[in-house]
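Trainee: from the sequence below, what's the structure:
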Amino acid sequence: MWMGLIILLGGYLFIRLNTNTKDKPDLRPYSSEISLDKVDIECGDGADEMEVVGESNYIRTMWRYLPKSVGKGKFRVKMVFTLRDDSSNPHDNNAVSVTIGGDVVGYLSRADARSYRRWASANKRTVKATCRGVVVGDYPEGYGIWLEMPSEAN
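Mentor: Numbers count the residues shown, from 1 in each chain. A predicted model of the protein is given here:
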């Protein structure tokens, strides 16, 4: 019996010690815990909301990033998102993906991606940038993502 217990304990410790926590994404929501000064796109009071599309294809990924406090029912969670150039996308060579922790959670619509790219180019910016956004939903029905963007980028 003692040998079995020692083996179980050893296996548990092996798994815990060999779990690389550095590879795990930061799952904290955008809140007072996170410095909101670390975004590339500052919108000020004149921010427009840009809706993210295709998020239903990434629902499992998005649920991993929502705080555990999101339970059944309606929710609204502010978060920080990263926009990335996805010009190798086979469906649209102007695609801009929306990511959290390196994982895609949606895309800008074709029209919004073109507008955003024009705005980024005119402001001598790269396509990759971080911005604030909000996830609004009703668990388990679904959710939507809206990004704070300068009105000129819409």
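Trainee: mind showing which ranges of the chain have poor pLDDT?
Mentor: Low-confidence segments of the chain (pLDDT under 70): 1-48, 151-152, 154.
Trainee: for the longest strand along the chain, give me every contacting residue.
Mentor: In the chain, with assignment by DSSP state E, the single longest strand is strand 73-85. By Cβ atoms under 8 Å, 6 or more residues apart in numbering, the surrounding residues in contact with strand 73-85 are 29-31, 34, 36, 38-39, 65-67, 70, 96-100, 105, 108, 116, 126-139, 143, 145, 147. Heads up, the C-betas are built off the backbone N, CA and C, glycines and all.
Trainee: sheet partners, orientation included, of that strand?
Mentor: Strand 73-85 has the following sheet partners, assigned by DSSP bridges: strand 96-100 (antiparallel), strand 129-139 (antiparallel).
Trainee: just the buried ones from the contacts of strand 73-85?
Mentor: Using 16 or more other Cβ atoms under 10 Å as the burial test, these include 29-30, 39, 65-66, 70, 96-100, 105, 108, 116, 127, 129, 131-135, 137, 143, 145, 147 as buried.
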